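one predicted model, sequence on top.
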Amino acid sequence: MDKDNRIYHYTSAEGLHGILSTGTLFFTDSLFLNDRSERKNFYLVLKKYLHKTPLSKTWVQEMDKRYFGKNDYISRRLVNTGPADRDSLRYFVLSCCRDRDSLPMWNYYTRSIRAAGYNLHFLTEELIRQMKYHPLVSKLTQKRGTLMCREVVYDEKKKSAVIGQILRYTQKKWESLTSASDRERLLFRLDLAFEEMSLFFKDSAFAHEKEVRIVVCAENKTILELPEASYQFREVRGIQIPCLAIDVLEKGRVITGVTAGPALDKEMAASGVEHMLYYYGFPQTCKVSSVPLRY
């Protein structure tokens, strides 16, 4: 996040119009994000850490059995959760960026001479505050759900440090317990902590994205009870993607401006956005990317 506590949501021209015209943000089911290694990077780091760090042999065996044993825990929890599994937790993600003018991010939207990308400037604290008190988010998080906003971790040393701290703490607690049921409850809490953490670990190859994620976590049975206006399916590259649609953008409160990415006519692109911002009641601030356009 920048010094003014802003994050930036990159989108297409069509996406920009949809957000400004409705005030709605779409949060994508984490099982359908475009990185196929999504959620698994955390467990790869965990497995490496278990076998190179001086933890107790009994504890390492317990962790190995739980997360990498014959029951195939990771695949079941992260990949094979079925739509009818009402008690499972589901995670819906809005991806943002710490960088207002990122060449790698613009590259996603300028793959032809007719394409153009934009990003919306969000006041982070205000966005989270409005989400927290939004009726839909309140309903989703009132039981086992939660709302999170964190930067994605790419650095391997930082990942290992975080995992090590949690494993050492939990090991001490686990060894102090004598009841099998108490130990299982402790490990179940660890499961949930690992599930959440896995949302914010990504391969270092993606470090250029400087991603910040806002995540809504909710029980599947609560999701399935939502009206169609809130739980939708969006077509992306021919695939039906489950999403939460949250109309959280109060005019003039969260969006502080827009950046128009590299385009053939940046000035006209910025002018068009300023007209759109004015019409829909948002601050009329549209900056133009300083990244040079290349073909």
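Sure thing, it's come through. Numbering: from 1, shown residues only.

pretty sure residue 193 is touching residue 165, no?
No: counting by CB atoms under 8 Å, residue 193 sits too far from residue 165 to count as a contact (11.3 Å). Every C-beta, even on glycine, is put in place using the N, C-alpha and C of the backbone.

ok, residue 180 - how many residues close by?
Residue 180 has 8 neighbours, counted by other CB atoms under 10 Å.

under the pLDDT cut-off, which ranges of this structure? List them.
Scanning the chain for pLDDT under 70 picks out 1-4, 70-81, 110-115, 251-252, 264, 292-295.

in it, what residue sits furthest out from the centroid?
The centre of the chain is farthest from one residue, residue 178, which by CA atoms, centre = their mean lies 37.7 Å away.

can you pull out the strands in this protein?
Assigned by DSSP state E, the strands in the chain fall at 6-12, 25-29, 89-97, 117-123, 146-151, 211-219, 231-236, 239-246, 255-260, 286-288.

I'd like those as JSON lines, with distance to residue 68 appended.
Shown next, in JSON lines, are the strands of the chain (distance: least, CB to CB, whole Å):
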{"stretch": "strand 6-12", "distance to residue 68": "35"}
{"stretch": "strand 25-29", "distance to residue 68": "25"}
{"stretch": "strand 89-97", "distance to residue 68": "21"}
{"stretch": "strand 117-123", "distance to residue 68": "38"}
{"stretch": "strand 146-151", "distance to residue 68": "25"}
{"stretch": "strand 211-219", "distance to residue 68": "24"}
{"stretch": "strand 231-236", "distance to residue 68": "32"}
{"stretch": "strand 239-246", "distance to residue 68": "28"}
{"stretch": "strand 255-260", "distance to residue 68": "43"}
{"stretch": "strand 286-288", "distance to residue 68": "48"}
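
let's have these in a markdown table, adding mean neighbour count and distance to residue 272.
Output for these, formatted as a markdown table (neighbours: other CB atoms under 10 Å; distance: least, CB to CB, whole Å):
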| stretch | mean neighbour count | distance to residue 272 |
| --- | --- | --- |
| strand 6-12 | 22 | 14 |
| strand 25-29 | 20 | 21 |
| strand 89-97 | 21 | 22 |
| strand 117-123 | 24 | 10 |
| strand 146-151 | 15 | 31 |
| strand 211-219 | 21 | 27 |
| strand 231-236 | 13 | 24 |
| strand 239-246 | 18 | 25 |
| strand 255-260 | 23 | 8 |
| strand 286-288 | 18 | 9 |
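
so for residue 106, which of these sits nearest?
Evaluated over the strands of the chain, closeness to residue 106 peaks at strand 117-123, with 5.4 Å, by CB to CB.

how big is the angle separating that closest one from strand 255-260?
160 degrees (axes from the mean of the first three to the mean of the last three CA atoms, to 10 degrees).

use 58 as the first number for this chain going forward.
Got it, first residue is 58 now, which makes that one strand 174-180.

now the angle from strand 174-180 to strand 268-276?
Using the same axes, to 10 degrees: strand 174-180 against strand 268-276 is 70 degrees.

what lines up beside strand 174-180 in the sheet?
strand 63-69 (antiparallel), strand 312-317 (antiparallel) (DSSP bridges).
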